[in-house]
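J.: here are the coordinates; sequence isn't available:
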């Protein structure tokens, strides 16, 4: 089946919503119906006997305790494989923060009737590497994998679980609100662009990924629509689709009128 | 475009810090005790020195617990934030061992039910109505999952045997006596929470 390029965005939004629905439904099913086939969220998820562990959580745990633990490594395997092949697809296709940000962006666009998201703060692109390195160093100084509290996909799941199980919200909701605020009010996806430790880690892992957005220069008419639509502020017409920052959301691919931007599987 | 040198520096910093930082920073020594009387780690927990380092705060044990006794510590817990804790006075652990089975990080390790050592029940003989000869209360003895082993009655007074007590806290939860200074007449002391605690002679404590 060949997905038409214009429909990529619709597919992505569908996957994002389904992933968010999973986060909402899992604790509800667990709590009220005792259905525990699917457990957990994006810190650690189990579907039947299939275990996933978030690479960031796993890495922090390994760095701090300096001790290997089999199930942890096995759980990290599939997410890491996905990241090596496809890059940060988790961020753009699954992450609940992406879902909430998309909702917020849609809302702010309809309310303000402006198509542009704010771009108050533009930092150099290597900020995300510095953020990741700093966070890992601080983790080791503190002696605890505390930066899981700056990895919003996990926090969303935790919050939903505490909401369902204890009918309260944990203090982590402050982090969540702050992340959404900078994402929506300061710069479009500021947190995802420059600060998210999980995103940074996935970007490091996926810097030589197979799935890339490739530009065919002979078809490009330099309309710069792709750059305008990119949530990360990249310039796909200049080949940024192959940079480590690109998270393969496909918005530029869907937007491109000339079809000069395309997903390519680099066979190597 | 990020230059490759940045990544190289990043990797070097990470590698260097792995070598430089001391093995297993004992967070507990810098921040007060989280585990205390009647506030225990779930079954199979590694010793408290390493718990903060090993637990990834995913909350799976909280979600899986069918009795809702495991609760995550909030951000006010500092370094221990997000780690699981059981308040046995509220809801004790019924030793279903599900949390130890699903823990993905190795902070809780699979352990046999009877080998669990979350703590040790200690009878406060000055508060216990049976020891004070006020009534013939034997609540803790009746509810203990290992009756006549972990708690037995000697002259109608409850006596805890540390060779069998798992520290599940069911007795504490059931105890009708609430002390004015907090706690019940039988309390769970997490004496096995540190690596330096003493194992018993016959080797039943696997820690």
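T.: Cool, got the structure. Every value quoted in this text rests on a predicted model; they were computed, and no experiment measured them.
J.: what's the neighbour count on the closest residue to chain B within the stretch 51-200 of chain A?
T.: Among the residues of the stretch 51-200 of chain A, residue A:143 lies nearest to chain B; the distance is 2.9 Å by C-beta to the nearest C-beta. For every residue, glycine as well, the C-beta is placed using N, CA and C. Neighbourhood size, residue A:143 [other C-beta atoms under 10 Å in any protein chain shown]: 24.
J.: correct me, but it touches residue B:52?
T.: Yes: if you go by C-beta atoms under 8 Å, residue A:143 and residue B:52 touch, sitting 6.5 Å apart.
J.: so who does residue A:92 touch?
T.: By C-beta atoms under 8 Å, 6 or more residues apart in numbering or on different chains, the contact list for residue A:92 reads A:12, A:98, A:231, A:247, A:248, A:249, A:250.
J.: look at it and report its pLDDT.
T.: pLDDT recorded at residue A:92 is 91.
J.: leaving out sequence neighbours, find the closest residue to it.
T.: Using C-beta to C-beta, 6 or more residues apart in numbering or on different chains and skipping the chain neighbours, the partner closest in space to residue A:92 is residue A:249 (3.5 Å).
J.: gap between the one you found and chain B?
T.: As judged by C-beta to the nearest C-beta, to the nearest Å, residue A:249 and chain B stand 19 Å apart.
J.: wait, what's in contact with that residue?
T.: A:12, A:92, A:93, A:231.
J.: are any of those buried, and which?
T.: Neighbour counting over the contacts of residue A:249 (16 or more other C-beta atoms under 10 Å in any protein chain shown) leaves A:12, A:92, A:93, A:231 as the buried ones.
J.: my read: the third one touches residue A:14, true?
T.: If I follow you right, that is residue A:93. No: with contacts counted by C-beta under 8 Å, residue A:93 stays clear of residue A:14, the gap being 9.8 Å.
J.: remind me which residues of the chain are low pLDDT?
T.: Picked chain A for this. Scanning chain A with the threshold set as pLDDT under 70 gives A:1-4.
J.: that was the other one, I meant chain B.
T.: B:1-4, B:14, B:17-32, B:195-207.
J.: quick one, strands of it?
T.: For chain B, strands defined by DSSP state E occupy the ranges B:39-40, B:70-72, B:84-87, B:120-123, B:151-154, B:157-160, B:186-189.
J.: thinking again about what came up before, show me the two of the contacts of residue A:249 that sit farthest apart.
T.: A:93 and A:231 (12.6 Å; C-beta to C-beta).
J.: quick check: closest non-adjacent residue to the residue nearest in space to the middle of chain B.
T.: Nearest residue to the geometric centre of chain B (C-alpha atoms, centre = their mean): residue B:41, 2.6 Å. Among residues not flanking residue B:41 along the chain, residue B:35 sits closest, at 5.9 Å (C-beta to C-beta, 6+ apart).
J.: same check, this time on residue B:178
T.: Nearest one to residue B:178, counting by C-beta to C-beta, 6+ apart, is residue B:184 at 6.0 Å.
J.: the one you found: neighbouring residues, count only.
T.: Quick note: residue B:184 (other C-beta under 10 Å) scores 24 neighbours.
J.: how close does it get to chain A?
T.: Residue B:184 is 23 Å from chain A, where distance means C-beta to the nearest C-beta.
J.: show me the contacts for that residue.
T.: Residues near residue B:184 by C-beta under 8 Å, 6+ apart: B:38, B:89, B:124, B:127, B:172, B:175, B:177, B:178.
J.: surely residue A:17 meets residue A:100?
T.: No: at 11.1 Å, residue A:17 and residue A:100 do not qualify as touching, with contact defined as C-beta under 8 Å.
J.: so for the two, which residue has more residues nearby?
T.: residue A:100 (19 against 13).
J.: quick check: which element contains residue A:122?
T.: Assigned by DSSP states H and E, residue A:122 belongs to no helix or strand.
J.: how long is stretch A:197-212 from one end to the other?
T.: 22 Å (C-alpha to C-alpha, to the nearest Å).
J.: where do the helices sit along chain A?
T.: Counting by DSSP state H, the segments of chain A that form helices are A:8-33, A:55-65, A:70-86, A:89, A:96-112, A:127-142, A:152-166, A:173-181, A:190, A:197-205, A:225-229, A:251-255.
J.: got CSV for these, with distance to residue B:115 too?
T.: Shown next, in CSV, are these (distance: least, C-beta to C-beta, whole Å):
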stretch, distance to residue B:115
helix A:8-33, 28
helix A:55-65, 23
helix A:70-86, 20
helix A:89, 43
helix A:96-112, 39
helix A:127-142, 32
helix A:152-166, 28
helix A:173-181, 38
helix A:190, 50
helix A:197-205, 37
helix A:225-229, 59
helix A:251-255, 55
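J.: wait, which of those is closest to residue B:5?
T.: Of these, nearest to residue B:5 by C-beta to C-beta is helix A:127-142, at 10.6 Å.
J.: may I see the buried residues of that closest one?
T.: Within helix A:127-142, the residues that qualify as buried by neighbour count (16+ other C-beta under 10 Å) are A:128, A:129, A:130, A:131, A:132, A:133, A:135, A:136, A:137, A:139, A:140, A:142.
J.: from the contact counts, what lies against it?
T.: helix A:55-65, helix A:197-205, helix B:4-20 (3 or more C-beta pairs under 8 Å, 6 or more residues apart in numbering or on different chains; DSSP states H and E).
J.: how about these in CSV, adding mean neighbour count?
T.: Listed next are the helices and strands packed on helix A:127-142 as CSV, based on neighbours: other C-beta atoms under 10 Å in any protein chain shown:
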stretch, mean neighbour count
helix A:55-65, 25
helix A:197-205, 25
helix B:4-20, 13
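J.: residue A:5: which of those is closest?
T.: helix A:197-205 (24.2 Å).
J.: quick check, that closest one touching chain B?
T.: Yes: on the criterion C-beta under 8 Å from any C-beta of the partner chain, helix A:197-205 is in touch with chain B at residue A:204.
J.: give me the angle between that helix and helix A:55-65.
T.: 90 degrees (axes from the mean of the first three to the mean of the last three C-alpha atoms, to 10 degrees).
J.: ok, and what's touching helix A:197-205?
T.: Under C-beta under 8 Å, 6+ apart, the answer for helix A:197-205 is A:54-56, A:59, A:80, A:83-84, A:87-88, A:90-91, A:128-129, A:131-132, A:135-136, A:147, A:150-151, A:153-154, A:192, A:244-245, A:247, B:7, B:10.
J.: cool, stretch B:185-193 as well?
T.: For stretch B:185-193, contacts defined as C-beta under 8 Å, 6+ apart pick out B:35-41, B:45, B:47-48, B:88, B:117-124, B:127-129, B:140, B:158, B:160, B:167-169, B:171-172, B:175, B:177, B:179, B:197, B:205, B:207.
J.: those, buried ones only, as a PyMOL selection?
T.: Remark: buried members of the contacts of stretch B:185-193, expressed as a PyMOL selection using 16+ other C-beta under 10 Å:
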select buried, chain B and resi 35+37+38+39+40+41+45+48+88+117+118+119+120+121+122+123+127+128+140+158+160+167+168+169+171+172+175+177+205
